[in-house]
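**Q** how does the following fold in three dimensions:
(chains A and B)
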Amino acid sequence: MADQKTLGERLAEHGVSRRAFVKYASWLGSLMALPPATSRAMAAELAKAKRQSVIWLSFQECTGCTEAITRSKGPTLEDLIFDFISLDYHHTLQAVSGEAIEEARHAAMKENKGKYVVIVDGSVPMKDGGIYSTTAGHSNYDTLMETVKDAFAVISVGTCAAFGGIPKANPNPTGAVSIGDLVKDKPVINIPGCPPIPEAMTGTVAYLLSFGKVPELDHLGRPKAFFGENIHDRCYRRPFYERGQFARGFDDEGARNGWCLYEVGCKGPTTYNACATMKWNGGVSFPIQSGHGCLGCSEPDFWDKGGFYVPLSASIGPTAKLVGGAALAGAVAGVAAAAVARHRKSSLNKG
Amino acid sequence: MNADLCHTGPAASLADAVFAELAHALSRLAATGEEMVVDLRSLPFGPTDLAALSERLGTGEVTCTLEVAGRSEVRETGFAGIWWVRHLGDGDEVAGEEVHVTRIPEILSSHPDDVAFAARRIADAVTASPQEGPTAADEEDISRG
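**A** Sure thing, here's the model as predicted:
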């Protein structure tokens, strides 16, 4: 349960000084591109804040989102978020079970009425009365609507919660829908990804905690700080795209030389996420850097967009393939390939 | 393939631009006390740019290592008032890298709330630690001369 001590007081009791807030806010401010003055304000506000009660609901999901957010190895900067929140309910992490944990959920809702945050991973099945996923004898729909009733805000983590994700993929046998399809009277923040970048999840919670308001969102309900930029625009392979140098298989010269993966189906040009800048596993790498195209997992219906290895421009395929093939033959054709690339870029912008 | 090899733009010019900005900021600090922070991670800096900027700024008299939620390194550059601050996160990965134009970076100062908390703790320690004063045995020794 949330207590009345401030986060600053709590950490001080554990021998951690206010410097931790300065460092955390500096890190988070950099991730979210906040002005340094705002980061400083965030440090002060975090120290004064109370622990945020969080109720985490898991519906039709694979637990990958929880894996992502808890994967840090030691008591470091990234883990501070777990000192900032009171995780009052979480199927995978909670120690108790049965009626006791359901009582804990209700107690947290009552004690923190209007202030608690609900995090949801997984979509909600609506077909056949929602029988395809239930907890404690209740459908996911009933649990969701009961829990969000007095929440301050709802955060949909993962593409399943944000957009329906894999359960919603054709033919959507369970009638899966997103949280935003159901919750209309509360702010719903979408942190999509399969899984989402951990910093996008923790950063959004810390922002809510510091400023008591929802960060600026894009047209799909995603925080612009993390989803405001296109992966393609920030990709380190972008210069190869501009020069018309594409890998056309995963074992050809282009792949070996690290050229652009557009032709092998990379969805970077239509995907908004921070993978290319924040990267994964403590900034080690991201899929494109590992040699595989982006799947576009932070976009709605990414599973049903025609195949992970089909180029985005497949509809203009025959011409593009002809010119693209010739591009391998010499510099002049390379210019032609670049022209096609520019055309594709233009088409994408229009589309 | 090394992602850093594909960094675009001339490395030296970006470092030079930030260096010039820092020069202006330092003159403002000297004249008015106005502070500034440059978040190097928000700029399209590669390792070459960082090295170039670091070399131009040089090294000053103060180098500090902090152990707070992981390690942090703070060093004064060759220009008093310009500090290089590096925060490390999980696995000692660089989580944040900034240049502060200030008399002393905020993270080095003791926060007033921490000072107040420490004052209470040390007062409690004084009350709870009679062994710090002369013990009965000490007094007996003293009386024996």
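
**Q** quick one, domains of chain B?
**A** Per the record, chain B has its domains at B:3-108, B:110-145, by automatic domain parsing.

**Q** which parts of chain A are strands?
**A** Per DSSP state E, chain A carries strands over the ranges A:52-58, A:85-90, A:117-121, A:124-125, A:134-135, A:138-139, A:153-157, A:176-177, A:188-191.

**Q** between the ones you listed, which one is closest to chain B.
**A** Closest approach to chain B among the strands of chain A is made by strand A:85-90 (15.6 Å; C-beta to the nearest C-beta). Just so you know, the C-beta spots here come from the backbone N, C-alpha and C atoms, and that holds for glycine as well.

**Q** can you list the strands that that closest one pairs with?
**A** strand A:52-58 (parallel) (DSSP bridges).

**Q** contacts for the partner strand, please.
**A** The contact list for strand A:52-58, computed with C-beta atoms under 8 Å, 6 or more residues apart in numbering or on different chains, reads A:1-2, A:66, A:84-93, A:105, A:108-109, A:111-112, A:115-122, A:140, A:143-144, A:147, A:151, A:205, A:208-209.

**Q** is it possible to mark the buried ones in those residues?
**A** For those, a burial check counting by 16 or more other C-beta atoms under 10 Å in any protein chain shown picks out A:2, A:66, A:84-91, A:105, A:108-109, A:112, A:116-122, A:140, A:143-144, A:147, A:151, A:205, A:208-209.

**Q** how about the helices in the stretch 201-350 of chain A?
**A** A:224-227, A:238-242, A:253-256, A:275-278, A:317-327, A:331-350 (DSSP state H, counting those that start in this stretch).

**Q** next, format the strands of chain A as JSON lines and append mean pLDDT.
**A** Below are the strands of chain A laid out as JSON lines (pLDDT from 0 to 100):
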{"stretch": "strand A:52-58", "mean pLDDT": "94"}
{"stretch": "strand A:85-90", "mean pLDDT": "91"}
{"stretch": "strand A:117-121", "mean pLDDT": "96"}
{"stretch": "strand A:124-125", "mean pLDDT": "98"}
{"stretch": "strand A:134-135", "mean pLDDT": "93"}
{"stretch": "strand A:138-139", "mean pLDDT": "96"}
{"stretch": "strand A:153-157", "mean pLDDT": "96"}
{"stretch": "strand A:176-177", "mean pLDDT": "98"}
{"stretch": "strand A:188-191", "mean pLDDT": "98"}
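
**Q** turn the ones you listed into a markdown table, including distance to residue A:6.
**A** What follows is the strands of chain A, written out as a markdown table (distance: least, C-beta to C-beta, whole Å):
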| stretch | distance to residue A:6 |
| --- | --- |
| strand A:52-58 | 12 |
| strand A:85-90 | 13 |
| strand A:117-121 | 18 |
| strand A:124-125 | 36 |
| strand A:134-135 | 33 |
| strand A:138-139 | 35 |
| strand A:153-157 | 21 |
| strand A:176-177 | 39 |
| strand A:188-191 | 24 |
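
**Q** would you list the phi and psi of the closest residue to residue A:59 other than its chain neighbours?
**A** When the adjacent residues along the chain are set aside, residue A:59 lies closest to residue A:122, with 3.3 Å between them (C-beta to C-beta, 6 or more residues apart in numbering or on different chains). The phi/psi pair for residue A:122 (degrees, to the nearest 10) reads phi 100, psi 150.

**Q** these two touch, right, residue A:122 and residue A:161?
**A** Yes - under the criterion of C-beta atoms under 8 Å, residue A:122 makes contact with residue A:161 at 5.7 Å.

**Q** residues that sit against both of the two, list them.
**A** Common contacts of residue A:122 and residue A:161 (C-beta under 8 Å, 6+ apart): A:59, A:61.

**Q** show me how chain A divides into domains.
**A** Using automatic domain parsing, the domains assigned to chain A come out as A:50-227, A:238-350.

**Q** what's the end-to-end length of the longest one?
**A** I take that to be domain A:50-227. Domain A:50-227 has an end-to-end distance of 28 Å (C-alpha to C-alpha, to the nearest Å).

**Q** quick one: neighbours of residue 22, just the number.
**A** Looking at chain A here, since you left the chain open. Neighbourhood size, residue A:22 [other C-beta atoms under 10 Å in any protein chain shown]: 28.

**Q** meant chain B, my bad for not saying
**A** The tally of other residues near residue B:22 (other C-beta under 10 Å) stands at 21.
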